[in-house]
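Enquirer: Could you work out the structure for the sequence below:
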Amino acid sequence: MILVTGGTGFLGSTLIRQLLDGGNQLRAIKRTSSFIPADLSQHPNIQWVTANINNYFELKDAFEGISEVYHCAALVSFEPSEKKTIISLNTQGTAHIVNLCIQNNARLLHVSSVAALGDPKPDHQEADEQDIWEFDGTQHGYAISKYESEMEVWRGTVEGLDAVIINPSLIIGHQAGHQNTGAIFKLLKNGLRYYTIGSVGLVDVEDVARAAIILMNSRDIKSERFIISNENMTYKELFRICAGYLHVPVPRKKATRNMLGLAWRAAKIISWFTGKKPGLTKDTAHSALKKQAYSNAKLKEKVGFSFKPLDQTLKEICEKI
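Expert: Numbers count the residues shown, from 1 in each chain. Next up is the predicted model:
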């Protein structure tokens with residue numbers, strides 16, 4: 001049987017649907033507060049288990065009879081005040097998953113992130129799987145947590161763990177709605193006027209799930225990592241394309257570093273009064289200025305992977321936002 005952690009999330013639920021389409025029997029882990037998508041809540045081929053990935057004993061029960069594990073669960077936050085919590089929870093949860101996979105002789109597909117590759121290379125060079133993460137004190141908590149989680153997986157491989165790691169870039173898809181990365185497109189629809197000078201790797205959530213399944217089933221691939229990214233694109237170009245599909249004006253004003261600095265500080269002040277997390281933080285503002293690019297050559301060469309046209313993904317998102 002297959003186990004999926006983070007089964008109610010954006011990626012986890014998409015992955016589950018693809019696994020079910022393949023006729024698989026699944027067990028999926030969710031948190032107490034998680035909402036199960038309607039089409040998955042009563043599916044006969046899924047066993048839903050409520051467990052905290054940071055509770056070893058709750059996880060242990062979920063591993064009964066499991067031979068494959070897709071570890072998608074992770075706490076995501078770019079709020080600096082939550083940095084220590086994010087690092088601790090994500091790293092400890094992955095350590096539990098690794099240890100239980102070893103004990104149960106289960107193969108692990110660990111979902112990491114391009115954030116674990118470190119900062120962008122100079123001169124617009126594409127980052128690849130050989131890049132070495134170098135801590136310099138500027139990385140946000142989520143990036144550190146994904147890097148340290150990968151270290152737990154590599155530790156496990158030395159102890160006999162059969163595992164493969166994937167590093168998706170920014171995951172997008174119409175399934176996100178107004179949440180997750182869907183918030184970017186919602187802002188654009190509502191009249192966003194500014195763009196940033198940064199660039200980003202983009203990939204459809206369906207491609208990430210499909211790549212994960214292919215790599216899980218490629219039993220000769222062990223102790224390797226794969227970047228899952230379709231295209232590298234500037235935010236300016238991304239907004240231009242999507243503005244066309246949304247029939248809204250193209251953002252033409254460049255957001256400077258000083259403007260973003262004022263914006264995240266203002267968002268922080270507003271959050272003090274509303275009690276809600278700020279939509280823009282120091283870390284997300286900093287990331288929006290980075291020129292990031294990622295190579296997908298290894299995935300294409302190793303398993304012959306072909307990506308869904310990114311333009312099709314962007315059109316689908318804009319039609320449903």
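
Enquirer: Counting neighbours, what do you get for residue 246?
Expert: By other CB atoms under 10 Å, 18 other residues sit near residue 246. C-beta here means a position set from N, CA and C on the backbone, and glycine is covered the same way.

Enquirer: Enumerate every residue touching it.
Expert: By CB atoms under 8 Å, 6 or more residues apart in numbering, the contact list for residue 246 reads 185, 188, 189, 318, 321.

Enquirer: Now with 7 Å, please.
Expert: Shown in contact with residue 246 (CB atoms under 7 Å, 6 or more residues apart in numbering): 188, 189, 318.

Enquirer: ok, so of the residues you listed, who is nearest residue 39?
Expert: residue 318 (23.2 Å; CB to CB).

Enquirer: how near is the closest one to residue 188?
Expert: Applying CB to CB, to the nearest Å, one obtains 8 Å for the distance of residue 318 from residue 188.

Enquirer: Need the residues touching each of those two.
Expert: Listed contacts common to residue 318 and residue 188 are 242, 246; contacts here mean CB under 7 Å, 6+ apart.

Enquirer: Pick out whichever of those two has more residues nearby.
Expert: residue 188 (23 against 20).

Enquirer: what's the more buried one sitting at in phi/psi?
Expert: phi -60, psi -40 (degrees, to the nearest 10).

Enquirer: Just to check, it is in contact with residue 243?
Expert: Yes - with contact defined as CB atoms under 7 Å, residue 188 and residue 243 form a contacting pair (6.4 Å).

Enquirer: on that earlier part again, can you list the contacts of residue 246 in CSV and add pLDDT and distance to residue 38?
Expert: What follows is the contacts of residue 246, written out as CSV (pLDDT from 0 to 100; distance: CB to CB, whole Å):
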residue, pLDDT, distance to residue 38
188, 84, 28
189, 86, 25
318, 92, 24
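
Enquirer: Let's have these in TSV, adding distance to residue 307.
Expert: As requested, these are arranged in TSV below (distance: CB to CB, whole Å):
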residue	distance to residue 307
188	23
189	25
318	19
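
Enquirer: which of these lies closest to residue 205?
Expert: residue 318 (15.6 Å).

Enquirer: Name the nearest residue to the closest one, ignoring sequence neighbours.
Expert: What sits nearest to residue 318 in space, not counting adjacent residues and going by CB to CB, 6 or more residues apart in numbering, is residue 245, at 3.6 Å.

Enquirer: What of residue 129?
Expert: Closest residue to residue 129 apart from its sequence neighbours, by CB to CB, 6+ apart: residue 225 at 5.1 Å.

Enquirer: And the one you found, its phi and psi?
Expert: Per-residue torsions, residue 225: phi -120, psi 150 (degrees, to the nearest 10).

Enquirer: and it, how far is that from residue 130?
Expert: 9 Å.

Enquirer: Next: residue 82.
Expert: From residue 82 over to residue 130 the distance is 31 Å, taken as CB to CB.

Enquirer: Look at these two and report which has more neighbours.
Expert: residue 82 (16 against 9).

Enquirer: can you pull the contacts of that one?
Expert: By CB under 7 Å, 6+ apart, the contact set of residue 82 is residue 141.

Enquirer: how far away is it from residue 16?
Expert: According to CB to CB, residue 82 stands 27 Å off from residue 16.

Enquirer: again, but for residue 155
Expert: Applying CB to CB, the value for residue 155 to residue 16 is 28 Å.

Enquirer: more neighbours, those two?
Expert: Ranked by neighbour count (other CB under 10 Å), residue 155 and residue 16 place residue 16 first, with 28 against 14.
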